[in-house]
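[1] this one's sequence-less:
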């Protein structure tokens, strides 16, 4: 294959948006209180959550502090409701989802073309990386407990927002440093226009995924795919 590194977004690219919003998010919200009653928020995660809450207080987006357990639940539910790409929320959700996957309550849905495309990439000695706003642990669970079996052995690298926001070009520069790769060696698949431009601006080849259920994007000049089967 032309590229040495294939980098994939998850939601709307390898996984239907409906699975994330109609199954994963409601599951984490439903089990949030019972999980935190048994597992207190880790100190570093709670500190990040308090810092985020302070900013929301200043912006008048959320009017309460989170010193009490009840207010922590309220604030986390607020973050879920606004689909905030919040690092502490993603860490907590990942832990809740892990229980669901391991118990058999959850099984992730992947688009039907994912397994064959991953297999094709690996057979060419290229590497697969995942870049998602979800925590690395949550990413691994999606590909381990999927409707197409365990795809984790195909994946070499996982990146979350610790490398930066997905709409910022510096984040993709950080990924290239981690991969020890030049931009010309990499291709990125996403369903979001702004993410595509952020990667494209540093010379990474980009394909915008046009999947059923994906949000309509602003007019753009990206190469587009309806399926990985169309990739040459």
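    That came in fine, so what should we check first? Model, not experiment: these values are computed from the prediction.
[2] measure the residue nearest the centre of the chain to residue 219 for me?
    Geometric centre of the chain, nearest residue: residue 132, 2.6 Å, by CA atoms, centre = their mean. Going from residue 132 to residue 219 by CB to CB, to the nearest Å gives 25 Å. To be clear about C-beta, it is placed using only N, CA and C from the backbone, and glycine gets the same treatment.
[3] And the strands in this protein?
    Here the chain has its strands, by DSSP state E, at 5-8, 127-131, 155-159, 186-190, 205-209, 223-225.
[4] The fourth one packs against which elements?
    Okay, so that is strand 186-190. The contact analysis (3 or more CB pairs under 8 Å, 6 or more residues apart in numbering; DSSP states H and E) places strand 186-190 against strand 5-8, helix 169-179, helix 193-200, strand 205-209.
[5] Check the second one too.
    Using 3+ CB pairs under 8 Å, 6+ apart as the contact criterion, the neighbours of strand 127-131 among helices and strands are strand 5-8, helix 114-123, strand 155-159, helix 169-179.
[6] And those: which comes nearest residue 78?
    helix 169-179 (25.5 Å; CB to CB).
[7] I'd like to know which elements that closest one is packed against.
    Using 3+ CB pairs under 8 Å, 6+ apart: helix 169-179 touches strand 127-131, strand 155-159, strand 186-190, helix 193-200.
[8] Quick one: mean pLDDT for stretch 90-110?
    Stretch 90-110 carries an average pLDDT of 96.
[9] Can I get the helices and strands packed on helix 169-179 in a markdown table including distance to residue 63?
    Below are the helices and strands packed on helix 169-179 laid out as a markdown table (distance: least, CB to CB, whole Å):
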| stretch | distance to residue 63 |
| --- | --- |
| strand 127-131 | 34 |
| strand 155-159 | 34 |
| strand 186-190 | 35 |
| helix 193-200 | 30 |
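[10] Could you identify which of these is most buried?
    strand 186-190 (a mean of 25; mean count of other CB atoms under 10 Å).
[11] Can you check what angle separates that strand from strand 127-131?
    40 degrees (axes from the mean of the first three to the mean of the last three CA atoms, to 10 degrees).
[12] Show me the contact partners of strand 186-190.
    2-9, 12-13, 131, 166, 172, 176, 179, 195-196, 199, 204-209, 225, 228 (CB atoms under 8 Å, 6 or more residues apart in numbering).
[13] Report the distance from that strand to the chain centre.
    What separates the centre of strand 186-190 from the centre of its chain is 14 Å, taken as CA atoms, centre = their mean, to the nearest Å.
[14] what do you get for stretch 54-65?
    Stretch 54-65 sits 25 Å away from the centroid of its parent chain (CA atoms, centre = their mean).
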